[in-house]
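S.K.: output the structure for:
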Amino acid sequence: MEGRGHDQEKEKDEEEKEEYIPGSFVVAVYAGQWYVGTVLDKKEKLALNREDYVYVSFMKRVDSVNDTFRWPDKVDKLNVLKEDLLFKCDAPSPVAGTSSSRKISYTLSKVEI
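M.R.: Numbering: from 1, shown residues only. Prediction:
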């Protein structure tokens, strides 16, 4: 029985390590507001290789009423404390009517908002 508890603990540790996989999307508190971003690889030059941080590339908010975001012209990468991450989310969806413009805007599903 003792080995079984150890296996469950090991599985939990592995899940926590893989929780923020590069390419996945997260919502985080940044500069007093919540923003959407994508998790980056900790092998990048400016990433902190610490368990309590996640390296994130943030989208910029373009409409706070509709919670619309866009990828900024200048990349906004930041090492974020895990405690500032609110939740993992699906990739934001393009907003109708923006596909013909030069920059596509995105939003989260209403369930996630």
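S.K.: isn't D84 right up against A31?
M.R.: No: with contacts defined as C-beta atoms under 8 Å, D84 does not count as touching A31, sitting 10.7 Å away. No exception for glycine: its C-beta is placed from N, CA and C like everyone else's.
S.K.: ranges for the helices of this protein?
M.R.: 2-17 (DSSP state H).
S.K.: quick one: which of D84 and A31 has more around it?
M.R.: Neighbours per residue, other C-beta atoms under 10 Å: of D84 and A31, the larger number sits with D84, 15 against 8.
S.K.: if I look at the residue lying closest to that one once chain neighbours are set aside, how far off is K45?
M.R.: In space, and not counting its chain neighbours, D84 is closest to V29: 4.9 Å by C-beta to C-beta, 6 or more residues apart in numbering. From V29 across to K45, the span is 25 Å (C-beta to C-beta, to the nearest Å).
S.K.: before we move on, what about F87?
M.R.: For F87, the distance to K45 - C-beta to C-beta - is 27 Å.
S.K.: who has more neighbours, the two?
M.R.: Set F87 next to K45 and count neighbours by other C-beta under 10 Å: F87 wins out with 10 against 5.
S.K.: now that the more buried one has come up, it's in contact with S24, right?
M.R.: No: proximity of F87 to S24 does not meet the contact threshold set by C-beta under 8 Å, at 11.1 Å.
S.K.: now L46: how far from Y30?
M.R.: On the measure of C-beta to C-beta, L46 and Y30 end up 16 Å apart.
S.K.: pull stretch 81-94 out as PDB, backbone CA atoms only.
M.R.: This file holds the C-alpha atoms of stretch 81-94, laid out as PDB (Å, rounded to 0.1, in the frame of the first residue of the first chain):
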ATOM      1  CA  LEU A  81       4.700  33.900 -10.900                       C
ATOM      2  CA  LYS A  82       2.500  30.900 -11.100                       C
ATOM      3  CA  GLU A  83       0.300  32.500  -8.300                       C
ATOM      4  CA  ASP A  84      -0.500  35.300 -10.800                       C
ATOM      5  CA  LEU A  85      -1.900  32.800 -13.400                       C
ATOM      6  CA  LEU A  86      -5.600  32.600 -13.100                       C
ATOM      7  CA  PHE A  87      -6.300  29.600 -15.300                       C
ATOM      8  CA  LYS A  88      -5.400  27.800 -18.500                       C
ATOM      9  CA  CYS A  89      -7.700  28.500 -21.400                       C
ATOM     10  CA  ASP A  90      -8.300  27.400 -25.000                       C
ATOM     11  CA  ALA A  91      -6.700  29.400 -27.700                       C
ATOM     12  CA  PRO A  92      -8.700  32.700 -28.200                       C
ATOM     13  CA  SER A  93     -11.000  32.800 -31.200                       C
ATOM     14  CA  PRO A  94     -10.800  35.300 -34.000                       C
END
